[in-house]
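Asks: Fold the stuff below for me.
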Amino acid sequence: RILNSSSQLSSLPLQILFYVNGIYSIFYFLATLAMIVYKSQVFSYPDDFLAPDLAVLFLMAMLEVPRLYLGVKGNLREEEAALGLSLGLTVGSVVLSVYLLAWQTYVLWADVVLTAVLLCAYGLESGLKVTAIAAFVS
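Replies: Numbering: from 1, shown residues only. The predicted structure is shown next:
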């Protein structure tokens, strides 16, 4: 028996943002990796600092997959737990982004622009996640 009284609570704007952020994350990773390679060739990049910068970038990339997967799953299935976990992973991604923005060995203007766009997307996505979780709970 199918209940016709159910309403859809998942967020279309959030779903679109997950898709866009997935594409932008790939672009961000490749562009930032290329800039780190460029900086290591052009500037006197201390060997002790190259590995942590690369580690943060790769950790960010590894966090992005479960962050987006849980977000998409949580939104489509209207599961607040999955969306909440995605929100928690977003906090981790924000911290790593701030590291690349503020504490990376060399920060170029392109780093600032790319990371600012990423942080804005994270902020918008987080707001929509909180709104969706509130709708699912109520």
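
Asks: which residues touch stretch 70-90?
Replies: 9-11, 14-15, 18, 63, 66-68, 122, 125-126, 129-130, 132-133, 136-137 (Cβ atoms under 8 Å, 6 or more residues apart in numbering). Where C-beta positions appear, they are placed from N, C-alpha and C, glycine not excepted.

Asks: Show me what counts as buried in that stretch.
Replies: Under the neighbour-count criterion of 16 or more other Cβ atoms under 10 Å, stretch 70-90 has 70-72, 74-75, 78-80, 82-87, 89-90 buried.

Asks: now stretch 95-110
Replies: 96-97, 99-101, 104-106.

Asks: ditto for stretch 43-51
Replies: Tyr45.

Asks: Please apply the same query to stretch 23-39.
Replies: 24-25, 28, 32, 35-36, 39.

Asks: Grab the nearest non-local neighbour of Leu128.
Replies: Closest residue to Leu128 apart from its sequence neighbours, by Cβ to Cβ, 6 or more residues apart in numbering: Leu14 at 4.2 Å.

Asks: and the one you found, what element?
Replies: In this assignment (DSSP states H and E), Leu14 forms part of helix 12-42.

Asks: That helix packs against which elements?
Replies: helix 47-76, helix 109-137 (3 or more Cβ pairs under 8 Å, 6 or more residues apart in numbering; DSSP states H and E).
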